[in-house]
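Participant: Below are the sequence and a predicted model for it; my questions follow.
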Amino acid sequence: MLQNYFTMNAPLRVFLLLSIFAFTSCSKESSTPPAVTVTSVKSGMQELLGSSNAENVSLIADLVVTFSKPIKSPSASDFILTPVGGSPVFLSISANGSSVTISPTTDLLRATQYTLTISSSLKADDGGLFLGQTVLFKTDNSNAPEVTLSSVKCAGKELTGLSVVEGVSVSADFLLTFSREVKTIPANSIQLKPTGGTAIPVSITQSGAVVTVNPNANILAGVEYTLSIDTTIKATDDGKFAGQFVVFKTVEPVTVTSIKSGSIEILGTTGLTGVSVSNDFLVTFSKSVQLPTIADFEFKSITGDNVPFSLIHAGSVVTLNPTTDLLNGTTYSITTKQTILATDGGPATSSTVNFKSEGFAVIPQTSHQIAYFGFNNNVNSSIGTWTSTNVSSSFTTDRFGLPNSSVSFNGTTDIIEVDNGAALFTPSSTLSFWVWADTTSGHGLFCMGINGFKG
């Protein structure tokens, strides 16, 4: 009985062992990183990969090899460039993530077949294996020397020589300088694209070796762009151009970070009330701005009346100083416009804040009203050009409890006179005012007049 048991179950034991072995083997295979491959090999802007034997390849341009993922510690010995029947060319390389730039130490030979061999010893950063790659190409056979791009500038900033140049102007033209005079630039041979976007319309003018690229509208702030110059460009002596591109990022926009009245922060609030009628307004930007003008701001009351103000500029701070006190209990808005520019050329983003001044509203009907004396710590009219003289009278708390918002008279010598006030009164004039008397016994002199008391 015991012997039969082992005999019948022996196959089952073998099956179980095989199953465990197969499961373990499968688990090991799934942990192997995918292989790394070459996705592009370029000489200037000319693609060499995918062609059995690319021709008219530049004698002087670097070769840029792009892999499917970042490569681990590549060296010059991993790349061999050999002319047919000759010795390997001396190379230097530089790596940036998944791209390796190969720079021959001397110009390649004219009208010569070359083989670029990329070693299978390379590995991806994640350990993925590389099977190796061979690329064949033939260099240019033209007798004229190649034309090169020696400079690309935007508002004086050089864009060549760095992988990504930052802080580039959003409004300036691009000046391309070639090593010698070039023929008329073909349409679409120069393209400007935001990363992941479509080409932006540009106009092109040229004078000898200098080509000016003018975007038809301002490009976006804080965005990465690529300016590509393709191989269709030729020198006037038919010298070919290998093509080139530059990558840059435009200057960051300038934004409003604070708008204050005294110690009260207005920016970012909703329904803010109690803002002083007499304080200046401090507008702070994210970086230093160029000298603004009054036209760069809009300061209005709820009735649409413009608030007159002066400006003080200091770096990233602009102070708005209303020329007269604001009205009590009135809603106002301050808008910073997109016309403001940072000192580095960054454009402003428009920003608007709303707030309500302290106290209760006594809103002049400016379409009909010719004068309004609010007595907010001064005796001047906020409407018209009336000038007033104050004799002795003092400012005090008004009926709403607001300090320095009304005038107190002693009843004998205190007076306010409107120096040019004769024109205030016509047959159709209406006068309205609030008054409170300390006592009703006796009577005093008038407290407001037209050159009567003094002259």
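Facilitator: Great, that's in hand.
Participant: Quick one: list the elements packing against the helix or strand hosting residue 283.
Facilitator: Secondary structure assigned from DSSP states H and E places residue 283 in strand 281-285. Here strand 281-285 touches strand 256-261, strand 317-322, strand 331-336, going by 3 or more CB pairs under 8 Å, 6 or more residues apart in numbering; DSSP states H and E. C-beta here means a position set from N, CA and C on the backbone, and glycine is covered the same way.
Participant: contact partners of the helix or strand just after it?
Facilitator: As assigned by DSSP H and E, the chain's next helix or strand after strand 281-285 is strand 297-301. Under the criterion CB atoms under 8 Å, 6 or more residues apart in numbering, residues 283, 306-307, 309, 311, 318, 320, 322, 326-327, 330-337 lie in contact with strand 297-301.
Participant: ok and strand 297-301 relative to strand 331-336, angle-wise?
Facilitator: 170 degrees (axes from the mean of the first three to the mean of the last three CA atoms, to 10 degrees).
Participant: Just the buried positions in strand 297-301, please.
Facilitator: Applying a neighbour-count criterion of 16 or more other CB atoms under 10 Å, one finds 297, 299, 301 buried in strand 297-301.
Participant: next one: stretch 89-103
Facilitator: By neighbour count, and taking 16+ other CB under 10 Å as the criterion, the buried residues in stretch 89-103 are 89, 91, 93, 95, 98-100, 102.
Participant: same thing with stretch 131-144?
Facilitator: Neighbour count says stretch 131-144 has 133, 135, 137, 139-140, 142 buried, by 16+ other CB under 10 Å.
Participant: just stretch 287-306 next, same as before
Facilitator: Within stretch 287-306, the residues that count as buried by 16+ other CB under 10 Å are 287, 289, 292, 296-297, 299, 301, 305.
Participant: CA-only coordinates of stretch 324-332 in CSV, if you can.
Facilitator: The C-alpha coordinates for stretch 324-332 follow below in CSV (Å, rounded to 0.1, in the frame of the first residue of the first chain):
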residue,chain,number,x,y,z
THR,A,324,-7.4,114.7,-3.8
ASP,A,325,-9.0,112.5,-1.1
LEU,A,326,-11.3,109.8,-2.2
LEU,A,327,-15.0,110.0,-1.5
ASN,A,328,-16.3,108.3,1.6
GLY,A,329,-18.1,105.0,1.2
THR,A,330,-17.4,104.7,-2.5
THR,A,331,-16.3,101.6,-4.5
TYR,A,332,-13.1,102.1,-6.5
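Participant: i'd like the first residue to be 27 from this point on
Facilitator: Shifting the count to begin at 27 puts that one at stretch 350-358.
Participant: Averaged pLDDT, it. What do you get?
Facilitator: Throughout stretch 350-358, pLDDT has a mean value of 91.
Participant: what sits up against it?
Facilitator: Residues from elsewhere that reach stretch 350-358 (CB under 8 Å, 6+ apart): 301, 303-304, 325-328, 333-334, 380-390, 400, 402-404, 406, 408, 426, 428, 431.
Participant: Determine which two of the buried residues of stretch 115-129 are furthest apart.
Facilitator: 115 and 124 (23.5 Å; CB to CB).
Participant: what about the spatially closest residue to residue 211 that is not a sequence neighbour, which SS state?
Facilitator: Spatially, and ignoring its direct neighbours in sequence, residue 211 is nearest to residue 230 (5.3 Å; CB to CB, 6 or more residues apart in numbering). Per DSSP: H, G, I helix; E, B strand; the rest coil, the local secondary structure of residue 230 is strand.
Participant: do you know how far residue 230 is from residue 349?
Facilitator: Using CB to CB, to the nearest Å, one gets 49 Å for the distance from residue 230 to residue 349.
Participant: Which one's more surrounded, the two?
Facilitator: residue 230 (16 against 9; other CB atoms under 10 Å).
Participant: Can you tell me how far residue 423 is from residue 321?
Facilitator: Counting by CB to CB, the gap from residue 423 to residue 321 is 38 Å.
Participant: Go ahead and confirm residue 157 touches residue 61.
Facilitator: Yes. Counting by CB atoms under 8 Å, residue 157 touches residue 61, with 6.5 Å between them.
Participant: rewinding a little: which residues sit in contact with the residue nearest to residue 211?
Facilitator: The contact partners of residue 230, by CB under 8 Å, 6+ apart, come to 211, 216, 237-240.
Participant: how about those residues in TSV, adding distance to residue 67?
Facilitator: Formatted as TSV, those follow (distance: CB to CB, whole Å):
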residue	distance to residue 67
211	27
216	23
237	28
238	32
239	28
240	33
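Participant: now these as CSV including secondary structure?
Facilitator: As requested, the contacts of residue 230 are exported to CSV (three-state DSSP):
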residue, secondary structure
211, coil
216, strand
237, strand
238, strand
239, strand
240, strand
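Participant: contacting residues around residue 220?
Facilitator: The contact partners of residue 220, by CB under 8 Å, 6+ apart, come to 226, 245-246, 249-251.
Participant: If we use 7 Å, what do you get?
Facilitator: 246, 249-251 (CB atoms under 7 Å, 6 or more residues apart in numbering).
Participant: if I look at it, how far off is residue 274?
Facilitator: 11 Å.
Participant: Touching both of those two, which residues are there?
Facilitator: Residues touching both residue 220 and residue 274 (CB under 7 Å, 6+ apart): residue 251.
Participant: relative to strand 323-327, how tilted is the strand holding residue 309?
Facilitator: Using the same axes, to 10 degrees: strand 307-311 against strand 323-327 is 140 degrees.
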